[in-house]
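Undergrad: Dropping the sequence and predicted coords here.
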Amino acid sequence: MGRAARWPALLLPLLLCGCPVALVAGGVGGYEVGTDERTVGRQTDDAVITTRIKTQLLADREIHGLNIDVDTLEGRVTLSGKVHNRDEAARAEAIARDVKGVLSVESRLIYSQP
């Protein structure tokens, strides 16, 4: 099979499984980066903040860090997910606030029983 004949054979399964976005936008990650108005430096800074917070949440024995999502946009951190009580939420918020570069912390944590 020639090189030109292989492309339709490779693209057809993607189109049939409902993946035209992957073909048009280069996948979700490529699309997000392409439309993100932050500079590469700001994106990197936000990723470092997210990583530092998540690492500390996972290392803390009082917090179930796997249940908490951390998102950072221009130094503003949003915590979301489930915690067992108010103390766990407060601890997670304190950890996030103490990370260098964090401008604010918004908690969208909800309480749930273990």
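TA: Looks like it arrived, so ask away.
Undergrad: In the protein, mark out all the helices, start to finish.
TA: Along the chain, the stretches classed as helices by DSSP state H are 3-16, 20-25, 28-35, 40-59, 86-97.
Undergrad: need the least confident one among those, by mean pLDDT.
TA: Across these, helix 20-25 has the smallest mean pLDDT, namely a mean of 42.
Undergrad: tell me the domain boundaries of the protein?
TA: Per the record, the chain has its domains at 1-35, 37-114, by automatic domain parsing.
Undergrad: Show me which residues of stretch 93-112 are buried.
TA: 93, 95, 96, 99, 102, 105, 107, 109 (16 or more other Cβ atoms under 10 Å). Yep, even glycine has a C-beta here, placed from its N, CA and C like the rest.
Undergrad: Of these, which is the nearest to residue 63?
TA: Residue 63 has its nearest neighbour among the buried residues of stretch 93-112 in residue 95, at 7.6 Å by Cβ to Cβ.
Undergrad: residues contacting that closest one?
TA: 53, 56, 57, 60, 63 (Cβ atoms under 8 Å, 6 or more residues apart in numbering).
Undergrad: again, only using 10 Å
TA: By Cβ atoms under 10 Å, 6 or more residues apart in numbering, the contact set of residue 95 is 52-57, 59-60, 62-63, 65, 68, 70, 79, 102, 105.
Undergrad: Those residues: which two are farthest apart?
TA: 62 and 102 (19.7 Å).
Undergrad: Would you mind confirming that residue 84 makes contact with residue 63?
TA: Yes: in this structure, residue 84 is within contact of residue 63 by Cβ atoms under 10 Å, at 9.3 Å.
Undergrad: of those two, who's got more company?
TA: Comparing residue 84 with residue 63 by neighbour count (other Cβ atoms under 10 Å), the higher total belongs to residue 63, at 20 against 15.
Undergrad: wait, residue 109 sits on residue 65?
TA: No: Residue 109 is beyond contact range of residue 65, at 12.0 Å (criterion: Cβ under 10 Å).
Undergrad: Report the set of residues contacting both of these two.
TA: Counting by Cβ under 10 Å, 6+ apart, the residues touching both residue 109 and residue 65 are 81, 92.
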